[in-house]
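Chemist: The following block contains a protein sequence and its predicted model.
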Amino acid sequence: MVLPLYYNWRNLLARRLSTALTFVVVGVVVFVLALLLSFAAGIRASLAASGSPANVLVLKPGATAESMSILLPDELSSLAQTPGLARLDAERDGAAAGTLLLSPEVCVQTTLPRLGSTDGVANVAVRGVDGVAFSVHPEIRLVEGRRFEQGSLEAIVGRAARDRFGHLDIGETFALGRKGDRPYKVVGVFDAAGGALESEIWTPRTMLEDSYQRRFVSSVCLRLNDPAAAAAAIAYVNGSAVRLAGRTETKYYEELASKTREIVAITTILIAIMAIGAVFAVANTMYAAVDGRRREIAMLRTIGFGRAAIILAFVLESLLICTPACLVGLAGSLAFNGAGQDFLSDATWTVLAYKLRLTPDIVGVALTMSILVGVCGALAPAVRASRTNVLQAMRKG
């Protein structure tokens, strides 16, 4: 025989203060859990959308990121012999038909203010490219304005960068160069399918090299005819003929995403500690309920309700607190879904602009956690209630 559900509701409403406090604790835990997991999911989604399996990124051996790589001109000549390297099938972006899809790129950083924030400035990646880069990175799509002209102090900016950082609207200027004395004018905004390149600023390579007085590039991106040729191309780049470090572009961004795994691990520890606190809060509420209802529990036993029914009643009361609290916590985190944020990579020392993502998996994890908290917090008090000595409880009543 099972106790009716209104019995549980009545007892929760009779203990409004303790019920409300437990509700708040569980709701806050779920809210924080959802936000932290949304943070990690947003970064992973941005990096997962970056790169192409048909591209091979070439860096200096030992460099973990483009910003730490230096490739001298005489090191690049043999890259033209990379097996499987694609060519332009028609004139495009100022390059003639038959041009090898090989893009030398210069990566530097500049500091820009965050929009609508008091957090000061952020390190934003600036990439100097030639016209062929737009064929090597076909995901780059101009959505506003025009492309920069080679030989001019102009720039195009990623949509995510424009939405997150200051001085990046079309027509505005920002300073680059060793002395910060070269004003670059923003002439266009591009989309990169939500990938990491969308957090960057692109300028003419020769002008960026001149602004920083550099005679080297940071990386070379090779576009292959077929992704299946990547293994042979990487073996050639890494071999004795070239002696550089090649990896697929997707592999490079996977390595950058390793930081998010550390964040998830730290998040898991933090949430576990908070969840234990929530379990104790639930248990405290349920123990108080047991102590205040001994005579009532004894009466239930005398009219035929068994121990299993008593245990189930207290577990249900706990879940009636935790489940709505979980939904409220998720509703609070939903207000931040899609909110723009940025994350400083310890590999590139530049920021990645991304959006918080509340995914169905995160909702499932939050619901599961709230149910576990409710059940774990209620079990011990429920078992204690089921073992109430009927005669003693009636006498004390």
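Modeler: Okay, I see it.
Chemist: low-confidence ranges in the chain?
Modeler: Applying pLDDT under 70 to the chain flags residues 1-14, 117-119, 257-261, 263-264, 289-305, 344-349, 385-386, 388-397.
Chemist: Other residues contacting stretch 113-126?
Modeler: If you take Cβ atoms under 8 Å, 6 or more residues apart in numbering as the criterion, stretch 113-126 is touched by 67, 107-112, 155, 161, 163-167, 176, 199-203, 208, 342, 344, 348-351. (Glycine included, C-beta is placed from N, CA and C.)
Chemist: Among those, which lie within strands?
Modeler: Under the assignment DSSP state E, these contribute 107-112, 155, 176, 201-203, 342, 344, 351 to strands.
Chemist: among the contacts of stretch 113-126, which ones are buried?
Modeler: With burial judged by 16 or more other Cβ atoms under 10 Å, the buried subset of the contacts of stretch 113-126 is 67, 107-110, 112, 155, 161, 164-167, 176, 199-203, 208, 342, 348, 350-351.
Chemist: Going by length in residues, pull out the top helix of the protein.
Modeler: The longest helix of the chain (DSSP state H) is helix 258-292.
Chemist: If you count contacts, what does it end up packed against?
Modeler: If contacts are counted by 3 or more Cβ pairs under 8 Å, 6 or more residues apart in numbering; DSSP states H and E, helix 258-292 sits against helix 16-48, helix 307-334, helix 360-386.
Chemist: how much does the first one deviate in direction from helix 307-334?
Modeler: This points to helix 16-48. Relative orientation of helix 16-48 and helix 307-334, computed by axes from the mean of the first three to the mean of the last three Cα atoms, to 10 degrees: 50 degrees.
Chemist: Show the subsequent helix or strand relative to helix 16-48.
Modeler: Sequence order places strand 55-59 as the next helix or strand after helix 16-48, per DSSP states H and E.
Chemist: contacts for the helix or strand just after that next one?
Modeler: Downstream of strand 55-59, the first helix or strand assigned by DSSP H and E is helix 73-76. The contact list for helix 73-76, computed with Cβ under 8 Å, 6+ apart, reads Pro104, Arg215, Phe216, Val217, Val220, Val242, Leu244.
Chemist: what's the burial count for the third one?
Modeler: Read it as Phe216. Using other Cβ atoms under 10 Å, Phe216 has 15 neighbouring residues.
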